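Trainee: Here is a sequence together with a model predicted from it:
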Amino acid sequence: MPALLFRFSGILQGDFNFEFYSMPELPDLENFKQYFKSTSLHKKIEDIKSTDRSLIYGAVFDDFKEELEGKSFADVSRRGKFLVAEVENSKKNVVFHFGMTGRLLYTKTEGDRDEEGSEDFAQVEFIFENGYELRWINNRKFGRIYLVENIDEIELLR
């Protein structure tokens, strides 16, 4: 069962609204992996957008984007709490760490912007040629995306 984090808002005004953040656990990562497989494999990446480029490690954003544009994800696997996406025709892997509140959302490009958190917290968007995109949503910015040749380059995976 995922751990739940609570955020209280409006307490000083007497308004008790609760927002629940689910910390991804290993079963959640398995679900993310299956979701990624069923939505994002073998789809050509047309563009990549990011609202916080500091969350990308292993390359500056422009190099990250250049390495992935025109390519697609060949396969995805899980190692601990990381998803490892192999990039077709590349020696590089894109490794996703979801932090405390991360998740994925596959949706029509420019669609579902009103879904809770999808617009404000989509830190990286992989836009595919088919008119859909994969959003890496990272509310609290504890997650990271790595671009590496060998996943052992990531200290937490050694």
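Mentor: It's in.

Trainee: Give me the below-cutoff pLDDT ranges for the protein.
Mentor: Residue ranges of the chain with pLDDT under 70: 1-22, 111-120.

Trainee: any chance you could map the strands in it?
Mentor: 3-9, 17-23, 45-50, 56-57, 73-79, 82-87, 93-97, 102-108, 122-128, 132-138, 144-148 (DSSP state E).

Trainee: got the contact list for the closest residue to residue 122 other than its chain neighbours?
Mentor: Leaving out its chain neighbours, the residue that sits closest to residue 122 by CB to CB, 6 or more residues apart in numbering is residue 135, at 4.0 Å. To be clear about C-beta, it is placed using only N, CA and C from the backbone, and glycine gets the same treatment. By CB atoms under 8 Å, 6 or more residues apart in numbering, residue 135 lies in contact with 104, 105, 106, 107, 118, 122, 124, 125, 126.

Trainee: Select the longest helix from this protein.
Mentor: Using DSSP state H to define each element, the chain has its longest helix at helix 26-40.

Trainee: who's in contact with residue 157?
Mentor: So residue 157 contacts 79, 80, 82, 95, 151 (CB under 8 Å, 6+ apart).

Trainee: Now the fourth one: closest residue in space that isn't a chain neighbour?
Mentor: Meaning residue 95. In this structure, residue 95 finds its nearest non-sequential neighbour in residue 146, 4.1 Å apart by CB to CB, 6+ apart.

Trainee: tell me the centre residue of this protein?
Mentor: residue 136 (2.7 Å; CA atoms, centre = their mean).
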